[in-house]
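Asks: kindly generate the corresponding structure for this input.
(one chain, ligands or ions: 1)
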Amino acid sequence: MTSVLIIFGSTGGNTELVCDEVSQILREKQHKVVMQRAEQSSPTDIKKYPYCILAASTYGQGLLQDHMGKFIKTCSPTDFKNKKFAVIGLGDNKYNTEYVMESAKILENTVKENGGALVSKALRINKTPVPHLETTVKKWAINLSKQLK
Ligand SMILES: Cc1cc2nc3c(=O)[nH]c(=O)nc-3n(C[C@H](O)[C@H](O)[C@H](O)COP(=O)(O)O)c2cc1C
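Replies: Modelled structure (predicted):
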């Protein structure tokens, strides 16, 4: 059992829905989970937990959701260095085929470029997450739970 912080940026609630499902699965696997909005988070929060999941949707032609974008800008490399992360990115290919679910890529790159470690492949969800909650999302969370020590 370990502790996991989930920081999410969600404008319309889709990313929040995915994070709720991930939280539920991790808790069922006996992990302690704290879930908080990016706009209510500070970089020092990351330091308090051995694992952090960063989750955000994509807006504005391949940009991070606004609150997550602002949160990431407040972070410095010391907030990532030698810490363990997983990332979740949402998007919709009807908006932009070139930048679909780009948030996952941006978050992955942010973690890697700042010396953090990714303990899992990113979870990417195209369009509404509802049909994927009991399948893709659940499977990803179960696999992630096995990586948490
Ligand atoms: C104005 C607008 C711009 C968007 N731009 C993109 C984009 O560039 N790439 C993408 O993959 N999805 C894009 N999306 C889709 C959202 O990322 C997607 O609907 C997501 O599920 C929203 O999650 P949220 O409710 O957690 O904010 C856009 C949506 C809106 C409304």
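Asks: mind telling me what element Phe85 is part of?
Replies: strand 84-91 (DSSP states H and E).
Asks: what number of residues lie near Lys139?
Replies: Neighbourhood size, Lys139 [other CB atoms under 10 Å]: 13. Quick note: C-beta positions are derived from backbone N, CA and C, even for glycine.
Asks: try Met1
Replies: For Met1, using other CB under 10 Å, the count is 10.
Asks: and the pLDDT for it?
Replies: For Met1, the pLDDT comes out at 88.
Asks: what of Leu148?
Replies: 95.
Asks: skipping adjacent residues, who's closest to it in space?
Replies: Thr2 (4.8 Å; CB to CB, 6 or more residues apart in numbering).
Asks: ok, Gln147 next?
Replies: Val119 (4.5 Å).
Asks: and if you look at Ser3?
Replies: Sequence neighbours aside, Lys32 is the residue nearest to Ser3 in space, at 4.4 Å (criterion: CB to CB, 6+ apart).
Asks: touching, the residue nearest to Gln147 and Leu144? I think so.
Replies: Yes: contact criterion CB atoms under 8 Å: Val119 and Leu144 qualify, at 7.3 Å.
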